[in-house]
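Enquirer: Let's see this in three dimensions:
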Amino acid sequence: MFKIPELLLISNDVESCRKLSNTLIGQNYKVIQCKKFMELENLQKKMNFDLYIIDLAEDCSKEWKLALKIRESSNNPIIVISHDIENCERLLGYDLANDFVKKPYNIMEVLCRVNILLNKKDSLFKGEQIIVDDIKIDCLKRKVLVREQEVELTQKEFELLYYLLVNSDRVITREELIKEIWKDNFRGNNRTVDTHIKKLRKKIEKYSPKDYINTVWGIGYRVVV
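Expert: You can find the predicted model right below:
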């Protein structure tokens, strides 16, 4: 029997919380909202959420407090929405968060990140497109256009490009790509990732002279527009 993923949205921004919650519910997620630490404690005792979203205004110390509390009883994904990128990166470094979104944010980006973390890449709503400069991804049709020219990609190349574009605001390590794209089916080493990226670049550069996928030496890759 299919289980609808249950998300806990922790936010003190009423309007943003409402909009984000409605979008997630529209994509077949069950969303529970809470505003305070005590509410989180009570909800944690009653339910095991599949994913947590923390969206607090300005107070970084509360993000740490909430993340630590969640980690006491759950290893499920945590997304932090914040102005403070350095703080978010520290949370990721201590495994207190799995991903972050910088404010001001696009609800579509949050939805994409939720889908990726819950392995729902194929459940994006009808007609969704990801557009970054000259690159357009039609997630429903699984088509990629560069300057309106269709680019034929393998399944892995498509997933790599999708993941890099959705996370275009940060550096993606090779290890992260292996974990998120290949998962437990990976047979190879870092050079395998490099080879796929090289082929992906070549296909994109056929239609655009821009070097979208930059190598961050010794770490991984990032998309630069």
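Enquirer: ranges for the strands of this structure?
Expert: In the chain, the strands defined using DSSP state E lie at 6-11, 30-34, 51-55, 78-82, 99-102, 129-132, 135-138, 143-146, 149-151, 172-173, 213-216, 220-223.
Enquirer: For the third one, what does the pLDDT average out to?
Expert: To tie it back to what came earlier, the one meant is strand 51-55. The pLDDT scores in strand 51-55 average 92.
Enquirer: Show me what it is packed up against.
Expert: Secondary-structure packing of strand 51-55 (3 or more CB pairs under 8 Å, 6 or more residues apart in numbering; DSSP states H and E): strand 6-11, helix 14-26, helix 60-71, strand 78-82, helix 107-117. Yep, even glycine has a C-beta here, placed from its N, CA and C like the rest.
Enquirer: my guess is residue 212 meets residue 225, correct?
Expert: Yes: using CB atoms under 8 Å, residue 212 is in contact with residue 225, at 7.2 Å.
Enquirer: Pull up the overlap in contacts between the two.
Expert: Residues touching both residue 212 and residue 225 (CB atoms under 8 Å, 6 or more residues apart in numbering) are 132-133.
Enquirer: When those two are compared, which one has more neighbours?
Expert: Higher neighbour count among residue 212 and residue 225: residue 212, with 23 against 10, using other CB atoms under 10 Å.
Enquirer: where in this structure is pLDDT low?
Expert: Applying pLDDT under 70 to the chain picks out residues 1-3, 37-38, 57-61, 120-128, 140, 169, 184-185, 187, 190.
Enquirer: Counting neighbours, what do you get for the closest residue to residue 144 other than its chain neighbours?
Expert: Spatial nearest neighbour of residue 144, chain neighbours left out: residue 151 (4.7 Å); criterion: CB to CB, 6 or more residues apart in numbering. By the criterion of other CB under 10 Å, residue 151 has 20 neighbours.
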